[in-house]
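Chemist: Here is my input, please return the structure:
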Amino acid sequence: MSNVRKTFDAELDRLKETLLEMVKLSQNAIDDALRALKETDLEKAQAIIDNDIQINNYEESINNQVVKILAQQQPVASDLRRTIAVLKISNDVERIGDLAVNIAKSVLIIGNEELIKPIEDIPKMAKIAQGMLSDAIKAFYEEDVILAGDLAKVDDQVDDMYGKLIKELLELMTKYPNSLSQITQLCFICRYIERVGDHATNISENIIYMVKGKMFDLNA
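Modeler: Numbers count the residues shown, from 1 in each chain. Sure, this is the predicted structure:
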């Protein structure tokens, strides 16, 4: 193996490590946001907002590393796709971190108001969406296009759960007219979680492009 090849592989490995740390932070932020919702923990919600800069810093670090690799290594073909894939994936992961912030902001708006119903179905949907992200990252590291492609079916499941939850929440608006603000925020939270699944699907599309060199629309 040439020195150029060794250097590129080492740089790419460092890039992947940075991405993995970023993914962990985003996943933890989503988990913490949902816990803050269930427990009406306003301090935890505020901490999620305050700590979002850490995720942003990771994305900036990845951007800088990619620029360095492109300038110094000048990768071609599959190596170039691998490098660009990390860049694109980091953008989706950063957006997932932003969605955690959005959930936390909704928790703050709800405040200490008693929840109109136990928060059970929303975390169930979030668990599936979070699982999609984990599988997408696994597919990236293993360059597994089959696993990446299968995530479109899981996203359909998240979409179905989202539709049912929104329908239920809208029906509750007539039953609890004094809780319209809370119900509206719960609708927003459901939407934010559904978007986590969408970003995981975007990651899967980039994995398929990285491996095959062709774009596939998994939402088609």
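Chemist: Not counting sequence-adjacent ones, nearest residue to the residue at minimal distance from the centre of the chain?
Modeler: The centre of the chain sits closest to Ile96, judged by C-alpha atoms, centre = their mean, with a distance of 3.5 Å. Closest residue to Ile96 apart from its sequence neighbours, by C-beta to C-beta, 6 or more residues apart in numbering: Ser26 at 4.5 Å. Where you see a C-beta, it was placed from the backbone N, CA and C, and this is true even at glycine.
Chemist: ok, the one you found touching Asn56?
Modeler: No - contact criterion C-beta atoms under 8 Å: Ser26 and Asn56 do not qualify, at 10.8 Å.
Chemist: Which of the two has more residues huddled nearby?
Modeler: Higher neighbour count among Ser26 and Asn56: Ser26, with 27 against 13, using other C-beta atoms under 10 Å.
Chemist: what's the helix or strand for the residue nearest to the centre of the chain?
Modeler: For Ile96, the host element (DSSP states H and E) is helix 77-110.
Chemist: Could I get the average pLDDT for the strand or helix carrying Lys38?
Modeler: Assigned by DSSP H and E, Lys38 falls within helix 3-39. Averaged over helix 3-39, pLDDT sits at 90.
Chemist: in that helix, what counts as buried?
Modeler: For helix 3-39, burial by neighbour count (16 or more other C-beta atoms under 10 Å) applies to 8, 11-12, 15-16, 18-19, 22-23, 25-27, 29-37.
Chemist: quick one, that helix and helix 77-110 angle?
Modeler: 20 degrees (axes from the mean of the first three to the mean of the last three C-alpha atoms, to 10 degrees).
Chemist: what's helix 3-39 packed up against?
Modeler: Judged by 3 or more C-beta pairs under 8 Å, 6 or more residues apart in numbering; DSSP states H and E, helix 3-39 is in contact with helix 42-72, helix 77-110, helix 121-142, helix 180-212.
Chemist: what angle do the longest one and helix 180-212 make?
Modeler: In this case it means helix 77-110. Using the same axes, to 10 degrees: helix 77-110 against helix 180-212 is 170 degrees.
Chemist: name the helices or strands packed onto helix 77-110?
Modeler: helix 3-39, helix 42-72, helix 121-142, helix 180-212.
Chemist: Those helices into JSON lines, with extra columns for distance to Asp79?
Modeler: Converted to JSON lines, these look like this (distance: least, C-beta to C-beta, whole Å):
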{"stretch": "helix 3-39", "distance to Asp79": "6"}
{"stretch": "helix 42-72", "distance to Asp79": "9"}
{"stretch": "helix 121-142", "distance to Asp79": "15"}
{"stretch": "helix 180-212", "distance to Asp79": "10"}
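Chemist: Kindly state which of those is positioned closest to Ile166.
Modeler: helix 180-212 (5.9 Å; C-beta to C-beta).
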